[in-house]
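Enquirer: Test case, fold it:
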Amino acid sequence: MKFELKFKVYGNLKIINDCIEVKHNHFLIKLFKENCQFYISISKTIDEDSECLPTLNFNNEIKEVVLPKEEAYSEMLEYINHIESFAATDNKIEYIDKVNLEFKWIPENEQDNFSPVSSIRKTLDTEQELDFISQDWLMQTVLHKRQLGELFIPFSFFRDAKKMFYSAKYQTAFCTFYLMLEYFFYDKKRGYGINNNAFKQDLCLNRTLNKTLDQIKLYPDHLKWLNEQLELKRKKYDEEGLLTILNAYRNDFSHASNASKNRNIFNENNFFSLAYVTFILCNFVVIKKRLAPFVNSSELSKFYNR
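Expert: As a prediction, the model looks like this:
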């Protein structure tokens, strides 16, 4: 049986006869045109004991297909990552969509059919609850433009970061979320960055960090990740500990001298919790900063402390 991964390719391409293929080791790699779209696939032969096979789970008589773990086909992904990087340099490929892909299990003969399914698409869930926008909201937003000042600048970072997050580009999302935080809480002595003790001087940052720590407890996987990070840094589960973790990652992602620590766009899943935790913090900050211009200056401390 053949196990195949199929990815959509974006870019300005032209392929002779609409298909080219290369065999290397035990892999067959094809770049082809299908229904006016370009795709790349990589396949290999597997047996009935392969970890690349899907499995069936039965939950209250409902069948659920469980895809193989990414570790089972990691070498295949390495080939796709390799091709994507060099194709962007040598040709006009923009990117290969590795978030939305198709898995195929193709029998080579009648006795070769030991997969419960022949194909399945893995897609990013982009369905979100629609948010009603009223005429009153539009009017109030326009009327209070002067009062809201330059909040559109940091909020644009938040907007871009959310877009990256929902596209599973977690490292870029984190860095852009951090830009929003830096806009509000930067170290005024250095002129950039956020001091690990900044929360002691800024009530908004203090309270939103505290709210974030409470919120994370609702998500066991993210809580586990954060506790592991704090243990590595020998920090407590508190405001300083969380801010130290965020600053450490921001520093690591600003450089490219250490492959094991610095940004690696082919390893996004390892940074899902980092991006999610920072998303939570930024969301709390946005709420506070969005409403603050309408709070009397004498009431700001009480407002931020809520």
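
Enquirer: Check the gap between T141 and V65 for me.
Expert: Here T141 is placed at a distance of 45 Å from V65 (CB to CB, to the nearest Å). No exception for glycine: its C-beta is placed from N, CA and C like everyone else's.

Enquirer: distance between the ends of stretch 22-29?
Expert: For stretch 22-29, the first-to-last residue distance is 5 Å (CA to CA, to the nearest Å).

Enquirer: Give me the contacts around it.
Expert: Stretch 22-29 has contacts (CB atoms under 8 Å, 6 or more residues apart in numbering) with 21, 40-45, 76, 79, 83.

Enquirer: longest single strand anywhere in the chain?
Expert: When the chain is parsed with DSSP state E, its longest strand is strand 93-106.

Enquirer: Check which strands are paired with the next helix-or-strand element following that strand and give the direction for each one.
Expert: Once the chain leaves strand 93-106, the next helix or strand it forms, by DSSP states H and E, is strand 119-122. Strand pairing for strand 119-122, determined by DSSP bridges: strand 93-106 (antiparallel).

Enquirer: how far is the strand it pairs with from where the chain is centred?
Expert: Centroid separation between strand 93-106 and its chain, computed with CA atoms, centre = their mean, to the nearest Å, is 17 Å.

Enquirer: Report the buried residues of that strand.
Expert: Of all the residues in strand 93-106, those buried under the rule 16 or more other CB atoms under 10 Å are 93, 96-98, 101-105.

Enquirer: coming back round to it: only alpha carbons, please: show the longest strand of the chain as PDB.
Expert: C-alpha atoms of strand 93-106 as PDB (Å, rounded to 0.1, in the frame of the first residue of the first chain):
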ATOM      1  CA  ILE A  93       6.700  29.300  -5.100                       C
ATOM      2  CA  GLU A  94       5.200  31.500  -2.400                       C
ATOM      3  CA  TYR A  95       4.400  28.700   0.000                       C
ATOM      4  CA  ILE A  96       3.100  25.200   0.500                       C
ATOM      5  CA  ASP A  97       0.000  24.900   2.600                       C
ATOM      6  CA  LYS A  98       1.000  22.300   5.200                       C
ATOM      7  CA  VAL A  99      -2.000  23.100   7.500                       C
ATOM      8  CA  ASN A 100      -4.700  21.900   5.100                       C
ATOM      9  CA  LEU A 101      -3.600  18.700   3.500                       C
ATOM     10  CA  GLU A 102      -4.900  15.400   2.200                       C
ATOM     11  CA  PHE A 103      -3.900  11.900   3.400                       C
ATOM     12  CA  LYS A 104      -4.200   9.000   1.000                       C
ATOM     13  CA  TRP A 105      -3.900   5.200   1.500                       C
ATOM     14  CA  ILE A 106      -3.700   3.700  -2.000                       C
END
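
Enquirer: Identify all contacting residues around stretch 144-161.
Expert: With CB under 8 Å, 6+ apart, stretch 144-161 has contacts from 141, 173-174, 176-177, 179-180, 183-184, 279, 282, 286, 289-290, 293-294.

Enquirer: Stretch 277-288 now?
Expert: Under CB under 8 Å, 6+ apart, the answer for stretch 277-288 is 155, 158, 161-162, 165, 173-174, 177-178, 180-181, 184, 204-205, 207-209, 211-212, 215-216, 222, 225-226, 242, 246, 303-304.

Enquirer: likewise stretch 241-250?
Expert: Contacts to stretch 241-250, defined as CB under 8 Å, 6+ apart, come from residues 174-175, 178, 181, 193-194, 196, 198-199, 205, 209, 212-213, 226, 229-230, 233, 235, 274, 277-278, 281.

Enquirer: And those residues, which of them are buried?
Expert: So, by 16+ other CB under 10 Å, the buried ones in those are 174-175, 178, 181, 193-194, 196, 198-199, 205, 209, 212-213, 226, 229-230, 235, 274, 277-278, 281.

Enquirer: Which of those fall within helices?
Expert: 174-175, 178, 181, 205, 209, 212-213, 226, 229-230, 274, 277-278, 281 (DSSP state H).

Enquirer: Closest one of these to I120?
Expert: L274 (28.8 Å; CB to CB).

Enquirer: give the contact list for the closest residue to the closest one other than its chain neighbours.
Expert: In this structure, L274 finds its nearest non-sequential neighbour in F174, 5.4 Å apart by CB to CB, 6 or more residues apart in numbering. When contacts are counted by CB under 8 Å, 6+ apart, F174 touches 161, 249-250, 253, 271, 274-275, 278.

Enquirer: would you turn these into TSV with pLDDT and distance to K189?
Expert: Output for the contacts of F174, formatted as TSV (pLDDT from 0 to 100; distance: CB to CB, whole Å):
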residue	pLDDT	distance to K189
A161	94	26
Y249	94	22
R250	93	18
F253	89	23
F271	93	30
L274	96	27
A275	96	29
T278	97	24
